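Student: Could you look at this predicted model? Sequence included:
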Amino acid sequence: MSVNRVLFDPPGPRGRRRIRIIATIVVVMAMGLVALALQRFAASGQLAPGRWQPFTHWPYLRFLWEGLRGTLGATAVAALFSFPLGAGVAVLRLSRNPTLRRLAAGYVELFRSLPLLLLIFAFLLALPPLGLNLPIFWKLVVPIVMVNVAVLAEVFRAGIRALDRGQFEAAAAIGLTHWQSMRIVVLPQAIRMMAPALVAQLVSLLKDSTLGYVVSYPELMKQANSLTVYTHLLVQTFLIVACIYVAINLLLSQLAHWLERRSQRRPRAARPVPARADVQVDAQAPTPQLVH
Amino acid sequence: MSQHIARYGLLRRTSILAVASAVSVALVGCGSSSAAVAPAATAPTVSSSEYNAIIAAAPVADTSAITRGSWMESVKTRGHLQVGGSDAAQLFSLKDLETGELKGFDAGLSQMLARYITGKTDVLSLTKLTTVTVDTRETLLQNGTVDAVFATYTITPARAKKVAFAGAYYESGDAILVKKNNTSIKEVADLKGKNVATESNSTAALSLKKYAPQARLQLFQTDAECVAAVQQGRADAYVLDQGILISDASNNPAVKVVGQPFTKEPYGIGLPLNKPEAKAFVNTWLKKIYADGSWNKLWKATIGTVVSGDAPAPPTIGSADGS
Amino acid sequence: MNIVLSHFGDLLGGFWVTIELTLLGFAGSVVLGTILAVCRVVPITPLRVIGASYVEFFRNIPLLTLMFLFIFGLPDIGITYSLFASAAICLALSGAAFTCEAIRSGINTVPVGQAEAARAIGLTFTQSLRCVILPQAFRSMVQPLVNVFIGVALSSSLAAAVAVNDLTNRTQQLNLEYAEAVAAFLVAGALYLVLSLGGAGAGAWFERRLAIQR
């Protein structure tokens, strides 16, 4: 953080001592809190080995693993549909036809304002009497796709708008139509730029899948709920499930951070072209950054 | 700049490590036991072999009873019964995680019916389960995805317009579960003004609106949550089917069941409305297992493990309004 | 439709609970998020680590799982809050992670020269943050913070899954009793729309107020 580096001078000896004292106090307090929490936890008997033992048995783990497979499956299918459709709606929003533009804008505004749980309940309770009764898997995935298409459309639109105008003009100059320039020139670059944000949205998709238990789709939360019927061990089951979710999402987030770092080292399309034509620009060298 | 990023990456990595190690400390707990300890609190049920023996001893239909082109014949040709039910309902239909077998009162009846039609003895292959919820039961019956629904399915005239009911095969009722030291709630009238927890899609929610309209309803998604709510004092009482509550209380010394059931819930077997031969056939089978004691034995092996006393008399077939 | 209209008071009551949850959750997340952003900026390493791990953890845990743990797990440590309070606190905890990131990205949009100038005239760390950086950062923070607000408003519907009597819960109860699902859900959807669009509108108003008149 650039501002951060500038906001304070490197601390002198007194400053360093003060920092070290505060640091030690913070560490001691934090560890004290954690120890207190663990001790209270143990006092209520929740740390007893008998309560954690079941989770070393393979049948229980397999039960949870089936849930995890369900989660990953629903997330993957939802992602498969949301990303292309989101890109499509974003392109529609930037189209030159005002009707299409308004339709796309209306869709985005509507589905960014509705809660996912309400949509899922609607698909579960309101639509079947009207005749639309989808299989359980699609009762979960279709609402997730509908909501995430709206969010992704905004992400893609931000990416397209952040692209240098020169790209559009150059595409038009070589004779590509509006749609062709979108497809061949603009979208690929926008996707590359927004890759970290897209992966972050994938994390959000995975978190959305936890609503699967509402429709009784066997994803991880539902399996955890069923497991508690069998074992009556609420806390332990949910702690383990929470760790699984955090672990997977951490992996995805690290992927996003890695993509972000990579994109900052590669030459970017929005970099201004040097004025002198005979200067050989080394495409592989990292851009000299004035500010970071 | 790269040094800055590397340091940041290190911070992230150490923070992840810190969180992970804190969690693993909590997970490992204190010490480890070498002996294979059974899970701390599981519902008491009979052993698999006893349960399978009861199913295998159930009667089988004469081939003459299975008329051509009937609902029964399609089941027999297929070789198994497609059942709509649950795999996480205590006492009624719970999947044994070790063997993958469904055990319980509802599950046992469905397995006995499958044996009646197909004549097989291997319990695992008798039925195929499709999980149903309160909202999907009727649709799955109507479009033929399941042959029958065994899911603590209360018979009501409204539902009888969409599906056919065989039975009733069990009469239950809603009861009240409270904390062990609670003496103020003894019956449904005491629920006035109190916080009452129940499952969000159960008939108990509806009966509460009828019998205790002044109670403050808290809808949770699963049974374990409702029990925890009572234990933690978030709810004063938990209302649900008596059998399930007694099973909860037997596992959990901090709660108890009070009073008698205040509703009458006749459970029936859901069957397709457009196959009238199915209803007659299943009712005949029900009479058979009432008479030869299989129903009794199944009751003792499932609900009887938590409810004391002998098996009640099976309800009269066709007595419930709508069956 | 008649049933829904006759129970409209019920639905409005649920809507009011949703608004309360949203406002409390958002306020809590802004306060906590600011503290976290400061933690991530100060030169004290343990605070930075705590801030970073908090954000990573609470951004990655599904809100539903967090609520379950909070409501059913915490009483074992001795902390029991009411269902409403638990939902609001979970919303605040979860939103704080996103608010912290929004604030940090807002601070990053302030040109470095501002910070240098603040140091040059002798302002301390706190003074430069308070008087120079943060006021300018607010302008670029408005849009992300509006997104957090809408996120909190829509996530408050998850409280229905843990028996809080909010709009989604009341819609579910109406459907349970009367099977009048379509109309109820349309009305609930419209109310949520009002909430989200209201938040977006308030954000746009803020942005106009803070915009530099050039």
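Tutor: Nice, thanks for sending it over.
Student: So which bits of stretch A:240-251 are buried?
Tutor: For stretch A:240-251, a neighbour-count test (16 or more other Cβ atoms under 10 Å in any protein chain shown) marks A:240-246, A:248-250 as buried. The way it works is simple: take the backbone N, C-alpha and C, and place the C-beta from them, glycine included.
Student: Contacts made by that stretch with the rest, please.
Tutor: Residues from elsewhere that reach stretch A:240-251, judged by Cβ atoms under 8 Å, 6 or more residues apart in numbering or on different chains: A:55, A:64, A:68, A:203, A:206-207, A:210, A:220-221, A:224, B:16, B:19, B:23, B:27, C:56-57, C:59-62, C:65-66, C:69.
Student: can you rerun that using 7 Å?
Tutor: In this structure, residues lying in contact with stretch A:240-251 by Cβ atoms under 7 Å, 6 or more residues apart in numbering or on different chains are A:55, A:68, A:203, A:206, A:220-221, A:224, B:16, B:23, C:56-57, C:60-62, C:65, C:69.
Student: how much space between the spatially most central residue of chain B and chain A?
Tutor: In chain B, the C-alpha nearest the mean C-alpha coordinate belongs to B:Ala89, at 2.9 Å (Cα atoms, centre = their mean). Here the criterion is Cβ to the nearest Cβ, to the nearest Å. By it, B:Ala89 lies 7 Å from chain A.
Student: Quick check: bridge partners of that residue?
Tutor: B:Ser93 (DSSP bridges).
Student: can you give me the helices in chain B?
Tutor: Per DSSP state H, chain B carries helices over the ranges B:2-28, B:48-56, B:71-78, B:105-118, B:137-142, B:157-160, B:203-211, B:223-231, B:242-251, B:276-291, B:294-301.
Student: Report all helices and strands that the last one contacts.
Tutor: Looking back up the chat, that one is helix B:294-301. Taking 3 or more Cβ pairs under 7 Å, 6 or more residues apart in numbering or on different chains; DSSP states H and E as contact, the helices and strands that helix B:294-301 lies on are helix B:48-56, helix B:105-118.
Student: any idea of the angle the last one forms with helix B:242-251?
Tutor: If you take axes from the mean of the first three to the mean of the last three Cα atoms, to 10 degrees, helix B:105-118 sits at 120 degrees to helix B:242-251.
Student: which regions of the chain lie under the pLDDT threshold?
Tutor: Going with chain A. A:1-8, A:266-292 (pLDDT under 70).
Student: try chain C instead
Tutor: Ranges of chain C meeting pLDDT under 70: C:179-180, C:213-214.
Student: helix, strand or coil for the closest residue to chain B within chain C?
Tutor: Proximity of chain C to chain B (Cβ to the nearest Cβ) peaks at C:Ser53, 3.5 Å away. In three-state terms, and counting by DSSP: H, G, I helix; E, B strand; the rest coil, C:Ser53 is helix.
Student: how many neighbours does it have?
Tutor: C:Ser53: 19 surrounding residues under other Cβ atoms under 10 Å in any protein chain shown.
Student: weakest of the helices and strands packed on helix B:294-301 in terms of mean pLDDT?
Tutor: Note on the helices and strands packed on helix B:294-301: lowest mean pLDDT is at helix B:48-56, with a mean of 85.
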